[in-house]
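**Q** would you be able to build a 3D model of this:
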Amino acid sequence: AITPGTFEDVVEFVVPELQKQDAYPTEYAPGTLRNKLFGKGDKLPANHKAANYRLAGVRV
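**A** Residues are numbered from 1 along each chain as shown. Have a look, this model is predicted:
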């Protein structure tokens, strides 16, 4: 990949061919990347170190 156009070419030409061969997903499971990678839910558990660092005013 040398130029931005190269990436666009991959998306336009290569991905559809891979999808025809069932080698690239056509849709994704719902949820966050955290849940997809670790399968432990979309949010941190309350006892996790980082759970105390929430943005003020953001409902979770």
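**Q** contacts and neighbour counts: CA atoms only from here.
**A** Fine.
**Q** how far away is Gln21 from Arg34?
**A** In this view, Gln21 and Arg34 are 28 Å apart by Cα to Cα, to the nearest Å.
**Q** can I get stretch 27-39 in CSV, CA atoms only?
**A** What follows is stretch 27-39, C-alpha atoms only, in CSV (Å, rounded to 0.1, in the frame of the first residue of the first chain):
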residue,chain,number,x,y,z
GLU,A,27,-21.4,-8.8,8.3
TYR,A,28,-20.2,-8.5,11.9
ALA,A,29,-21.6,-9.6,15.2
PRO,A,30,-23.2,-6.8,17.2
GLY,A,31,-21.4,-5.3,20.2
THR,A,32,-18.2,-3.6,21.0
LEU,A,33,-14.7,-4.6,19.9
ARG,A,34,-14.0,-5.5,23.6
ASN,A,35,-16.8,-8.1,23.6
LYS,A,36,-15.8,-9.4,20.2
LEU,A,37,-12.2,-9.9,21.3
PHE,A,38,-12.6,-11.1,24.8
GLY,A,39,-16.3,-12.3,25.0
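**Q** state the distance from the residue most central in space within the chain to Gly39.
**A** By Cα atoms, centre = their mean, the chain has its centre lying nearest to Leu33, at 4.5 Å. Using Cα to Cα, Leu33 is found at 9 Å from Gly39.
**Q** quick revisit: ok, and the closest non-adjacent residue to the residue nearest to the centre of the chain?
**A** Spatially, and ignoring its direct neighbours in sequence, Leu33 is nearest to Asp42 (7.9 Å; Cα to Cα, 6 or more residues apart in numbering).
**Q** over to Leu18?
**A** Tyr24 (5.4 Å).
**Q** so which strand or helix has that neighbour?
**A** In this structure, Tyr24 sits in neither a helix nor a strand according to DSSP states H and E.
**Q** what's around it, how many residues?
**A** 13 (other Cα atoms under 10 Å).
**Q** can you check the one 4 residues further on too?
**A** For Tyr28, the tally of surrounding residues (other Cα under 10 Å) stands at 7.
**Q** one more: the one 10 residues further on?
**A** A total of 9 residues lie near Phe38 under the criterion other Cα under 10 Å.
**Q** quick one: contacts for Ile37?
**A** That one is not Ile; residue 37 is Leu. Listed by Cα atoms under 8 Å, 6 or more residues apart in numbering, Leu37 has no contact partners.
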